[in-house]
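Asks: I need the structure of the sequence given here:
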Amino acid sequence: MYNLQSVVQRLEEEGLRITPSRLAVVAAVLDLSGHFSVDDILSQVPEVGRATVFRTMKLLSEMDVLCRVLLDDGSLRYRVSQRQDHHHHLVCVSCASVQELDACIDPEVLNELARTTGYEIEGHWLEFFGRCTACRSDSA
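Replies: Residues are numbered from 1 along each chain as shown. The predicted structure follows:
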């Protein structure tokens, strides 16, 4: 799990400046639990410009500090990553809980996709939607 000091250290290791605005966004992100939107962050740091918030959110996502989570309703949310590596999510369509998933696409599938489409695959994002154990047992 991340804390303010560990994120600041990672930013410094990447050679990035620790501006007051960037620090405010990072602190706001780490204060929120569950999943949240950019608008939630904007309301937490009204003194920080919208563009700065978006740039910082993108940067934190690229550093795997934040996960982007696409909910069943099509809305994009973020959450502080529980892991520091590439992963995917299981999203409950009933309660919107999100579970990080270890499984990933077989590299051979990605290679075949690149070969057949002519694309140079730079990354992927995968969400699985279903009903969690708690929601399934509630309806039984």
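
Asks: Can you list the buried residues in whichever strand or helix holds residue 112?
Replies: Per DSSP states H and E: residue 112 is located in helix 107-117. By 16 or more other Cβ atoms under 10 Å, helix 107-117 has no buried positions at all. Where C-beta positions appear, they are placed from N, C-alpha and C, glycine not excepted.

Asks: and what of stretch 48-55?
Replies: For stretch 48-55, by 16+ other Cβ under 10 Å, it's 48, 53.

Asks: Which residues are in contact with residue 65?
Replies: Listed by Cβ atoms under 8 Å, 6 or more residues apart in numbering, the contact partners of residue 65 are 2, 7, 10, 29, 80, 81.

Asks: tell me the secondary structure for the first one?
Replies: Assigned with DSSP: H, G, I helix; E, B strand; the rest coil, residue 2 falls in the coil class.

Asks: Would you check that it makes contact with residue 26?
Replies: No - the criterion here is Cβ atoms under 8 Å, and residue 2 misses it with residue 26 at 9.0 Å.
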